[in-house]
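*Asks:* Next one to model:
(chains A, B and C)
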Amino acid sequence: MAESAKPVPADLLPAYPSPLREFWLSFRVNRGATVALFYFILLVVAALFAPLIAPHLPAEQFRDALLAPPAWSEGGSWQFILGTDEVGRDILSRLLHGARLSLMIGSVSVLLSLIPGVALGLVAAFYPGAVGTAIMRVMDIMLALPSLLLAIAIVAVLGPGLGNTVLAIAIVGLPSYVRLARGSAMTELHRDYVVASRLAGASQLRLMFNTVLPNCMAPLIVQATLGFSSAILDAAALGFLGLGAPPPLPEWGTMLATARDYIQSAWWVVTMPGLAILITVLALNLMGDGLRDALDPKLKKG
Amino acid sequence: MSLLHIQNLSVSFGAFRAVNHVSFDVNRGEILGIVGESGSGKSVTMLALMGLIDAPGVVSADALGFDGQDLLHASNAQKRKIIGRDVAMIFQDALSSLNPAYTVGAQLMETLKLHLKLSGAAAKKRALDLLDMVEIPDARARLAAYPHQLSGGMSQRVMIAMAIACNPKLLIADEPTTALDVTVQAQIMALLVNLQKQNDMGLILITHDLAVIAEVAHRVAVMYAGEVVETSPVPDIFNTPRHPYTQALLTSIPEHSKGAARLATLPGVVPGQYDRPRGCLLSPRCPYVQPRCVDEHPDLYTTPGGTARCFFALDDGGRPSHG
Amino acid sequence: MFTFILRRLAVVIPTFLGITLLAFALIHMIPGDPVLIMVGERKLDPEFYKAAMARLGLDQPLYLQYWHYLTGMLHGDLGQSIVTQEPVMSEFLKLFPATLELSICAMLFATVFGLAAGIVAATRRGTVLDHTVMGAALTGYSMPIFWWGLILIIFFSVNLGWTPVSGRIDLQYDIAPRTGLMLIDTLLSGEEGAFKSAVMHLILPSIVLGTIPLAVIARMTRSSMLEVLREDYIRTARAKGLSRTRVVLVHALRNALMPVVTVIGLQVGTLLAGAVLTETIFSWPGIGKWLIDSISRRDYPVVQGGILLVATLIIVVNLLVDVLYGVINPRIRHAR
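*Replies:* Sure, this is the predicted structure:
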């Protein structure tokens, strides 16, 4: 079991039980995480095919149906299943298109912080002297501010907008990947297989990315999932504060910013985008918990 | 009338019977030794007696009497008045058995406040006396010490002081010296026996050190796989063991000297949760096994000195009685 | 104990210097010329421009600018607001009590209910109650609190009419700020109904701001409790004949609290970030709303100074938590 060839790429050894299958078997045990995974897949599909699925265009304004309530409540119609907003746009269509934005913000910002974060973390682990200390000190400073505040500060400098939101969230997420990558690389560095590889004359770069990195992936994947959820949450918060994706983009947080004026009259305008955020973030957190348990039993307590 | 009377005590965790129909008595001033391999149910029996078995564990018994009181039908609140005051227990790993967040003094005085309603100066005085009693030097300073500042032997002395704080009638010592250095082991054991004599306590001494039993115990109960397999007065059990398991225990220890019981003379291990045999639990390992032993579960039968759970209890020459 | 604090300080000071550098860099990274931004669209004569640059010290080399910034800061000078012309520091001090009051109430709410939920879940491990509490905790942890606030307003303020929607107190009361904490000031003022009004205004914002810390504390308390309840000394405590409640609350909780206190300390950051959102929703006149308003007004000195002050606050609180940690955990206090 344990020696099912961790460091060897799976495609070279077709005879072994696929690591993916092994992972799935242990992931499946966690019911919450499985449900969350199916929701997430559904969300991705919905986002990908939003133009096909959505009943209306996200920016299309139905002047004769301003603030129409959802289909199931009094005065609602099936034309606008989740109702319309203050300028007559279909909320369901906006949410579906908003899913594209949220998933895009999440994935791009995670990639933008994961890749440099891992690189910096590995460098800090391989050169624990001045370079490593300097990197970690800078990360400590970044961690002194809570992520949302740092993101706000960055957006304040760069100016509001979708691109700057992604960038700010990516910068904010950086320290956690650096710390994680450095931490797990440090423990791996003392293992015999790394020493062996080093003695065999592997270059420093090869050691970093081919030898050590694959063995640090489990915690990084978990962190990426959780990073994805906080990216969506922070992006929505920035949008809500008017610092994120500008209207009329159907970003979920931005939709809420304008919805505030209708809390007295049209609850659905407020409720729907928030529910979308909550359920998506909850699903990602559930998946993160499930991944952590499935990928690495050692991490269970963390 | 005996101080402690246990009749048919069983503890099960789901389908697993960790303790099965255990019965024994302890008299005032008596030292009862309980021996057996790890996993034989010695500690679980004592925890059940103290009411420390949590769900999913289930405790049942036909009778559970202590000093004229019925522990079996007592409410939790009634039991807590007895537990810690009249029945006290000390454990194997003293260091981890003390709460790291409180001083020695606070933990000692907690018992005094709870059961003896002592407070302030009176509690402190009693605590100092107790530390003196367990021969801890510089007792006053130790009151303010935290457990991590004590050695293993010192921690066990503190545990003993806590246990005897309310002059208990019965003290249960669960392998009190196993975790200690050899030199300290002897000191702690001497202290325990000394206190037992002074206070005329009943003492249940759980151990797998037969040398200790030979030295201090009056009577001994041997446990195997959750059952009592033999009870006997102390000198007799070393001369004329009646149960094959007891015999094996004794012969596995060269010259009855110290050392953990490793049963070199019996092949196999104590049966676990799923492989308990139908008949006598020892039958797969017993050198004298008979067809009846495999089919039928033996009761505890009276022997010349005590009892033994064997159809063919050994005679004075150590031979099975079927031969 | 004293050396313990000194050791902590040695770690904190470089971080603090880094923060000042970051805040200093912030204003220099803003695209465009600060003076031009301040003046805005108006036409600018070169003389005025030069004078403004000199007044702001922007004509000096960067390292000198940083030095002046740093020494000024240590004297409490963080520049002044472009909009109000007031020193940043005095604006901060004026608004900070509102945020402090809200944060304390939110943290009290989160700690009391978080600890209770965590303890209950741990002692009833595996039951429906445990699963419900932990499910709720994960939901709270995933909560977009700016939406949560709006939902609570819809329910409690709009539908039920129980709580006010915004502000710290009803407009009819004119409370002289003495401590800046409305709860205390209303009591001191002796005005009838003022205290009740202040309390009513605090309820929803405290719940909203406390939701995520509550969830984090509940999860941490549960896992820490479960670990501690398995310890040998819990068995000892029970063998003493102590009641179940005393075993859990005195013997287990004290030890389980150590990681929880750290987590509570870490929540201060979450709290201040959450304050930005909560204060925006409830029009709460604190530093969170002040920061956001300043950003939209492009009042950069305020943004710079505000962020620096908030970061400093977080560092100081984390330092205090470290010290507190040493107080409840004797092993750390005695280490080395």
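
*Asks:* The nearest residue to B:G36 once chain neighbours are set aside: neighbouring residues, count only.
*Replies:* Nearest residue to B:G36, sequence neighbours excluded (Cβ to Cβ, 6 or more residues apart in numbering or on different chains): B:M223, at 3.7 Å. The way it works is simple: take the backbone N, C-alpha and C, and place the C-beta from them, glycine included. Under the neighbour criterion other Cβ atoms under 10 Å in any protein chain shown, B:M223 is assigned a count of 24.

*Asks:* Which residues does B:M223 form beta bridges with?
*Replies:* Beta-bridge partners of B:M223, counted by DSSP bridges, are B:V228.

*Asks:* Can you give me the pLDDT of it?
*Replies:* Turning to B:M223, the model gives it a pLDDT of 92.

*Asks:* For it, give its distance to B:L3.
*Replies:* 20 Å (Cβ to Cβ, to the nearest Å).

*Asks:* which residues touch the residue nearest to B:R309 when sequence neighbours are not counted?
*Replies:* With Cβ to Cβ, 6+ apart as the measure, B:V229 is the residue that lies nearest to B:R309, at 4.5 Å, once sequence neighbours are left out. Applying Cβ atoms under 8 Å, 6 or more residues apart in numbering or on different chains, we find B:V229 in contact with B:V222, B:M223, B:H243, B:Y245, B:T246, B:L282, B:A308, B:R309, B:C310.

*Asks:* can you check B:H243 too?
*Replies:* By Cβ under 8 Å, 6+ apart, the contact list for B:H243 reads B:V222, B:V229, B:E230, B:A308, B:R309, B:C310, B:A313, B:L314.

*Asks:* Check A:I232 too.
*Replies:* For A:I232, the contacting residues are A:S102, A:I105, A:G106, A:I277, A:T280, A:V281, A:L284, by Cβ under 8 Å, 6+ apart.

*Asks:* and with 6 Å instead?
*Replies:* Shown in contact with A:I232 (Cβ atoms under 6 Å, 6 or more residues apart in numbering or on different chains): A:S102, A:G106, A:V281.

*Asks:* Equivalent analysis for B:G36, please.
*Replies:* With contacts defined as Cβ under 6 Å, 6+ apart, B:G36 is in contact with B:K42, B:M223, B:Y224.

*Asks:* try it again with 7 Å
*Replies:* For B:G36, the set of contacting residues under the criterion of Cβ atoms under 7 Å, 6 or more residues apart in numbering or on different chains consists of B:K42, B:H208, B:V222, B:M223, B:Y224.

*Asks:* Same check on A:R191?
*Replies:* When the contact criterion is Cβ under 7 Å, 6+ apart, A:R191 has no partners at all.

*Asks:* what's the closest non-adjacent residue to B:P176?
*Replies:* B:I90 (5.4 Å).

*Asks:* is it true that that neighbour touches B:T177?
*Replies:* No: here B:I90 lies out of contact with B:T177, judged by Cβ atoms under 7 Å, at a distance of 10.2 Å.

*Asks:* Contact distance from chain C - what residues of the stretch 101-250 of chain B qualify?
*Replies:* Proximity of the stretch 101-250 of chain B to chain C, by Cβ under 7 Å from any Cβ of the partner chain, involves residues B:A101, B:E110, B:T111, B:L114, B:H115, B:Y146, B:H148.

*Asks:* Tell me who's in contact with the residue in the stretch 101-250 of chain C that chain A sits nearest to.
*Replies:* Of all residues in the stretch 101-250 of chain C, C:W147 sits closest to chain A, with a separation of 3.1 Å (Cβ to the nearest Cβ). For C:W147, the contacting residues are A:L256, A:G274, A:I277, by Cβ under 7 Å, 6+ apart.

*Asks:* Out of the residues you listed, flag the one nearest to C:I315.
*Replies:* Of all those, the one with the least separation from C:I315 (Cβ to Cβ) is A:I277, at 30.6 Å.

*Asks:* From chain B, how far off is that closest one?
*Replies:* Here A:I277 is placed at a distance of 40 Å from chain B (Cβ to the nearest Cβ, to the nearest Å).

*Asks:* what's the following helix or strand after the one helix or strand C:L64 maps to?
*Replies:* Element membership for C:L64, per DSSP states H and E: helix C:62-74. Heading C-terminal from helix C:62-74, the first helix or strand you meet, by DSSP H and E, is helix C:88-123.

*Asks:* Need the mean per-residue confidence for that following helix.
*Replies:* Helix C:88-123 shows a mean pLDDT of 93 in the predicted model.

*Asks:* Is chain A within reach of it?
*Replies:* No: applying Cβ under 7 Å from any Cβ, one finds helix C:88-123 out of contact with chain A, separated by at least 12.6 Å.

*Asks:* Which SSE is immediately downstream of that helix?
*Replies:* Helices and strands here follow DSSP H and E; after helix C:88-123, the next one along the chain is helix C:128-141.

*Asks:* now the angle from the helix or strand following that following helix to helix C:128-141?
*Replies:* The first helix or strand that comes after helix C:128-141 along the chain, using DSSP H and E, is helix C:145-152. In this structure, helix C:145-152 runs at an angle of 110 degrees to helix C:128-141, with axes from the mean of the first three to the mean of the last three Cα atoms, to 10 degrees as the basis.

*Asks:* mean confidence for helix C:145-152?
*Replies:* Mean predicted lDDT for helix C:145-152 stands at 93.

*Asks:* Can I get that helix in PDB, CA atoms only?
*Replies:* C-alpha atoms of helix C:145-152 as PDB (Å, rounded to 0.1, in the frame of the first residue of the first chain):
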ATOM      1  CA  ILE C 145     -20.900  38.700   5.900                       C
ATOM      2  CA  PHE C 146     -21.900  41.700   3.800                       C
ATOM      3  CA  TRP C 147     -24.800  39.600   2.500                       C
ATOM      4  CA  TRP C 148     -25.500  38.100   5.900                       C
ATOM      5  CA  GLY C 149     -25.800  41.600   7.300                       C
ATOM      6  CA  LEU C 150     -28.400  42.500   4.600                       C
ATOM      7  CA  ILE C 151     -30.300  39.300   5.300                       C
ATOM      8  CA  LEU C 152     -30.500  40.000   9.000                       C
END
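
*Asks:* Now do it: distance to the chain's middle.
*Replies:* 18 Å (Cα atoms, centre = their mean, to the nearest Å).

*Asks:* Show me what the residue positioned nearest the centre of chain B is bridged to.
*Replies:* Nearest to the centroid of the C-alpha atoms of chain B, with distances taken as Cα atoms, centre = their mean, sits B:I206, at 3.1 Å. Per DSSP bridges, residues listed as beta-bridge partners of B:I206: B:I34, B:D174.

*Asks:* gap between stretch B:9-17 and the chain center?
*Replies:* In terms of Cα atoms, centre = their mean, the centre of stretch B:9-17 is found 19 Å from the chain centre.

*Asks:* Pull up the residues of the stretch 201-336 of chain C that are close to chain B.
*Replies:* With the criterion set to Cβ under 7 Å from any Cβ, the stretch 201-336 of chain C comes near chain B through C:231-233, C:235-243, C:251, C:254-255, C:330-331.

*Asks:* Mind checking which of those residues are buried?
*Replies:* Buried by 16 or more other Cβ atoms under 10 Å in any protein chain shown: C:231-233, C:235-242, C:251, C:254-255, C:330, out of those.
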